[in-house]
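[1] After the sequence you'll find the predicted model.
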Amino acid sequence: MAVVDIKENVRLKLELDGGMDGDRHVIKSKTLSRVKPTVENEDLFSVAQSLSGLQTLPLFKVKRLEEIELREE
């Protein structure tokens, strides 16, 4: 029995540095959906950097969020 994975949904999450609130680090996030599942990580990171230039807060972290369906062949 072989199991195959099928990428169903990919999202790009930008985590922005909101500064400090006392001794707690504040992270604000923006998530973009409907990203093509075949996009390369380098391309996705490049888009994230470009989009971060449009934000008022500095970019802290870039995340690729994937939903993958597992099926039996």
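    Sure, I can see it.

[2] show me where this protein has helices.
    In the chain, the helices defined using DSSP state H lie at 41-52.

[3] contacting residues for Leu59?
    14-17, 48-49, 52 (C-beta atoms under 8 Å, 6 or more residues apart in numbering). Just so you know, the C-beta spots here come from the backbone N, C-alpha and C atoms, and that holds for glycine as well.

[4] can you pull the buried residues of the strand ranked longest in the chain?
    Longest strand in the chain by number of residues (criterion: DSSP state E): strand 3-21. By 16 or more other C-beta atoms under 10 Å, the buried positions in strand 3-21 come out as 10, 12, 14-16.

[5] Identify all contacting residues around it.
    Applying C-beta under 8 Å, 6+ apart, the set of residues contacting strand 3-21 from outside is 25-33, 35-37, 39, 44, 47-48, 51-52, 55, 57-73.

[6] In its sheet, which strands sit next to it, and in what direction?
    Using DSSP bridges, strand 3-21 pairs in its sheet with strand 24-35 (antiparallel), strand 59-72 (antiparallel).
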